[in-house]
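# Got a sequence here, can you build the structure:
(chains A and B)
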Amino acid sequence: GQQLNQSPQSMFIQEGEDVSMNCTSSSIFNTWLWYKQDPGEGPVLLIALYKAGELTSNGRLTAQFGITRKDSFLNISASIPSDVGIYFCAGSNFGNEKLTFGTGTRL
Amino acid sequence: NAGVTQTPKFRVLKTGQSMTLLCAQDMNHEYMYWYRQDPGMGLRLIHYSVGEGTTAKGEVPDGYNVSRLKKQNFLLGLESAAPSQTSVYFCASSYWISGNTIYFGEGSWLTVV
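Take a look at the predicted model:
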């Protein structure tokens, strides 16, 4: 099955630093989603993107829907300890019940 | 993760044993899903259901069966467990298509020895 490629796979940062991660696909999606998973928990939705080029913020998080519709980016500004976790991107298309998940970025 | 409950949370099985994971949601969602999560693989869809009485195969359905006899419940069965099925299993539900309304359970850790 298709998997989305996320990079970096993991990263160590200092509190207060900004974080950037991205997700790429070989096929296009018309919805991009970003989830965060805390240890021992299920993924929780952070941001949803529905339009190519769209830039959406949720507090210190900003995500962008790539113009090619084959990629998406997530930025976290001024990181804090509770940002630790695994971040997953996911793509879907309208009328398709399935999400395709990325391999995750461990922060 | 309020609204989607998985049981059991942890289980150790011997190869060849069978078991059932139960997922229950109280949000009146039509769609329900079972995913497995393995290191470095992200989440992969096993089976899903678009409504009571319906099921469909996902990416990795082999070795699993599912049933959706009631709208609020989605059961995942392993008829003859294999070590390759050692994983963390997540149930999820949503109103319509996958996307911004999808909610995940807390996960079930299964080890097959």
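# what about A:Lys51, how many residues close to it?
12 (other CB atoms under 10 Å in any protein chain shown). Bear in mind the C-beta positions are built from the backbone N, C-alpha and C, glycine included.
# ugh, typo on my part, it should be A:Asp18
Neighbours of A:Asp18 (other CB under 10 Å): 12.
# from memory it sits against A:Ile76, does it?
Yes: using CB atoms under 8 Å, A:Asp18 makes contact with A:Ile76 at a distance of 6.8 Å.
# worst-scoring helix or strand of the chain, pLDDT-wise?
No chain specified, so I'll use chain A. Lowest on mean pLDDT, DSSP states H and E among the helices and strands of chain A sits strand A:100-101, with a mean of 88.
# think we crossed wires, I meant chain B
Using mean pLDDT, DSSP H and E, the lowest element in chain B is strand B:103-104, with a mean of 88.
# so how far is B:His47 from the residue nearest in space to the middle of chain B?
Central residue of chain B (CA atoms, centre = their mean): B:Trp34, 2.8 Å from the mean position. Applying CB to CB, to the nearest Å, the value for B:Trp34 to B:His47 is 5 Å.
# list residues touching both of those two?
The contact sets of B:Trp34 and B:His47 overlap at B:58, B:64, B:66, B:76 (CB atoms under 8 Å, 6 or more residues apart in numbering or on different chains).
# Can you give the strand pairings for the least confident helix or strand of chain B, parallel or anti for each?
strand B:87-94 (antiparallel) (DSSP bridges).
# Tell me how far the strand it pairs with lies from the chain's centre.
From the chain centre to the centre of strand B:87-94 is a distance of 5 Å (CA atoms, centre = their mean, to the nearest Å).
# does any part of the helix or strand just after the least confident helix or strand of chain B sit near chain A?
Counting by DSSP states H and E, the element after strand B:103-104 in chain order, helix or strand, is strand B:108-112. No: Strand B:108-112 does not reach chain A (CB under 8 Å from any CB of the partner chain); its nearest approach is 8.9 Å.
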